[in-house]
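S.K.: Whatever this is, show me its structure:
(one chain, ligands or ions: 2)
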Amino acid sequence: MAAGSISSEKIDLLIYGPVRPILENGFSDHFVVHKAETRGDLERLTPAIREKIRGVAVTYHTVRADKESLSQLPKIEMVASFGVGYDHIDAKYAAEHNIIVTNTPDVLTEEVADVAMGLLISTLREFIKADRYVRSGLWQTQNYPLSVGSLRDRKVGIVGMGRIGQAIARRLDASLVPVVYHSRNPSKDVSYKHYPDLIEMAKAVDTLMVIVPGGASTNKMINAEVFKALGPRGVLVNVARGSVVDEPALVQALKSGTILAAGLDVFAAEPTVPDELKAMQNVVLLPHIGSASVVTRNAMDQLVVDNLKSWFSGKAPLTPVAETPFKGR
Ligand code: NAP
Ligand code: 8YV
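M.R.: Numbering: from 1, shown residues only. Ligands and ions are numbered 1, 2, ... in the order given. I've put the predicted structure just below:
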């Protein structure tokens, strides 16, 4: 990989996407921080500035650092991306051009697992509907109906048994819920039953919790065939990426009773959510808030800053992604 050189010259960085205080104020006078919230802003930077930029902080998953944007910055050495998922960054292009890509793993793991577990319970026990029931005054007339769903009689198949998948599994263990999982390779870190075949697992469980990366290898992997295998008691919780689920097939499965319910934190075309999903009573819809607490988002921002500072002080990147491993300076 290209070496981030240590020199007395100022280092030009770009914040690409929304600007937040830790990002804006986290760099010393040794850095010059430029800003571009959108692709249009990036294109409006003068060629002289674009020529100087050596590091980029990509600060939201809807900002695409694709070939078209990265190729406008001929001197970049590092793309420090906010978030653990980096399907919006062209890591292949980066690897081919000696650019290190970093992400923000670990600091958000427990927060996202909390949301996944909360979303599962809210979906099964109808917290959102029940809250509306209280506010509307209906409780004055009769008790809320018993929920058809319960965590007590469930078996969960986790799709993706990485950092967050394992944190979700630990929470299910504590709740005495049996867990199995699907991933391409069995994990050395867990002893749950591994299913190399997703359909076989869907047949064996009644609940799927999805926490794999987005991208080509997972695109629409949760599809009509999976819903059929899951069956009429089936519940889907997706905290991964909207691209992982075939959304029209999900709408159809919920409408037809092929599955029972869904809890969704992510969608195919965020922030747009299909009207059909919004109209359904058997879904809980969250606006991609898996990591969205002040404490966790601050830790993610800090890790973006720390990756850039480490690299430009001549040290190794802290959290490089698999496609751009650090091989020494
Ligand atoms: P991780 O540690 O890299 O784990 C990824 C897991 O997915 C691994 O078990 C991996 O196993 C499996 N996997 C990858 N590709 C697969 C495929 N094609 N088929 C089946 N399994 C596959 O990642 P993490 O830190 O747990 O994060 C996972 C993802 O969660 C992120 O990439 C991001 O998209 C999403 N996320 C969402 C939110 C939110 O706010 N909703 C927050 C954080 C993260 P194998 O390689 O063996 O297949
Ligand atoms: C963030 C996420 O909401 O880490 C991820 O992969 O999806 C979330 O933590 C997202 O990165 C914000 O851009």
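S.K.: Output the set of residues of the stretch 1-150 of the chain in proximity to ligand 2.
M.R.: Near ligand 2, the residues belonging to the stretch 1-150 of the chain are 60, 61, 82, 83, 84, 85, 108 when assessed by C-beta under 6 Å from any ligand atom. From N, CA and C alone the C-beta is placed, and that goes for glycine too.
S.K.: and if we set it to 5 Å?
M.R.: Within the stretch 1-150 of the chain, the positions lying close to ligand 2 (C-beta under 5 Å from any ligand atom) are 60, 61, 83, 84, 85.
S.K.: Kindly state the beta-bridge partners for residue 31.
M.R.: Applying DSSP bridges to residue 31 yields these beta-bridge partners: residue 11.
S.K.: where's it relative to residue 24, distance?
M.R.: Relative to residue 24, residue 31 is positioned 11 Å away (C-beta to C-beta, to the nearest Å).
S.K.: more neighbours, these two?
M.R.: Between residue 31 and residue 24, residue 31 has the larger neighbour count (other C-beta atoms under 10 Å), namely 18 against 14.
S.K.: tell me the helices in this structure, going along the chain?
M.R.: 21-25, 39-44, 47-52, 67-70, 91-96, 109-125, 127-135, 163-174, 198-204, 224-230, 247-256, 275-278, 294-312 (DSSP state H).
S.K.: Using CSV, please lay out the ones you listed together with mean pLDDT.
M.R.: As requested, the helices of the chain are arranged in CSV below (pLDDT from 0 to 100):
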stretch, mean pLDDT
helix 21-25, 97
helix 39-44, 96
helix 47-52, 97
helix 67-70, 96
helix 91-96, 98
helix 109-125, 99
helix 127-135, 98
helix 163-174, 99
helix 198-204, 99
helix 224-230, 99
helix 247-256, 98
helix 275-278, 98
helix 294-312, 98
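S.K.: In a markdown table: those helices, plus distance to residue 237.
M.R.: Formatted as a markdown table, the helices of the chain follow (distance: least, C-beta to C-beta, whole Å):
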| stretch | distance to residue 237 |
| --- | --- |
| helix 21-25 | 30 |
| helix 39-44 | 33 |
| helix 47-52 | 42 |
| helix 67-70 | 33 |
| helix 91-96 | 27 |
| helix 109-125 | 5 |
| helix 127-135 | 14 |
| helix 163-174 | 9 |
| helix 198-204 | 13 |
| helix 224-230 | 12 |
| helix 247-256 | 12 |
| helix 275-278 | 14 |
| helix 294-312 | 19 |
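S.K.: And residue 157, how close does it get to ligand 1?
M.R.: Noted for residue 157: a distance of 12 Å to ligand 1, by C-beta to the nearest ligand atom, to the nearest Å.
S.K.: so what pLDDT did that residue get?
M.R.: The predicted local confidence for residue 157 comes out at a pLDDT of 99.
S.K.: partners of it in the sheet?
M.R.: Beta-bridge pairing of residue 157 under DSSP bridges involves residue 180, residue 208.
S.K.: List the residues that contact it.
M.R.: Residues near residue 157 by C-beta atoms under 8 Å, 6 or more residues apart in numbering: 179, 180, 181, 182, 195, 201, 202, 204, 205, 207, 208, 209.
S.K.: Selecting buried members of those in ChimeraX, what would you type?
M.R.: Of those, the buried ones can be selected in ChimeraX as follows, counting by 16 or more other C-beta atoms under 10 Å:
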select :179,180,181,182,195,201,202,205,207,208,209
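S.K.: from the contacts of residue 157, which single one is nearest ligand 1?
M.R.: Out of the contacts of residue 157, the one with the shortest distance to ligand 1 is residue 182. That distance is 6.1 Å, counting by C-beta to the nearest ligand atom.
S.K.: Surely that closest one touches residue 204?
M.R.: No: taking contact to mean C-beta atoms under 8 Å, the distance of 10.2 Å between residue 182 and residue 204 leaves them out of contact.
S.K.: Can you give me the distance of residue 323 to residue 89?
M.R.: Here residue 323 is placed at a distance of 9 Å from residue 89 (C-beta to C-beta).
S.K.: List the residues that contact the residue in the stretch 201-329 of the chain positioned nearest to ligand 1.
M.R.: Using C-beta to the nearest ligand atom, residue 290 is the residue of the stretch 201-329 of the chain that sits closest to ligand 1, at 2.3 Å. Going by C-beta under 8 Å, 6+ apart, residue 290 touches 108, 111, 112, 115, 116, 239, 265, 266.
S.K.: Tell me which of residue 323 and residue 89 has more neighbours.
M.R.: With other C-beta under 10 Å as the criterion, residue 323 and residue 89 differ in neighbour count, and residue 89 comes out ahead with 28 against 16.
S.K.: Which pLDDT value belongs to the nearest residue to the more buried one once chain neighbours are set aside?
M.R.: Among residues not flanking residue 89 along the chain, residue 65 sits closest, at 4.6 Å (C-beta to C-beta, 6 or more residues apart in numbering). In this model, residue 65 is scored at 98, pLDDT.
S.K.: Identify the residues contacting residue 65.
M.R.: 16, 56, 58, 79, 81, 88, 89, 90.
S.K.: ok, back up a step: out of the helices of the chain, nearest to residue 154?
M.R.: helix 109-125 (7.6 Å; C-beta to C-beta).
S.K.: So which residues on the protein come close to ligand 1?
M.R.: For the chain, the residues in contact with ligand 1 (C-beta under 5 Å from any ligand atom) are 84-85, 112, 160-164, 183-185, 211-213, 217-218, 239-241, 265, 290-291.
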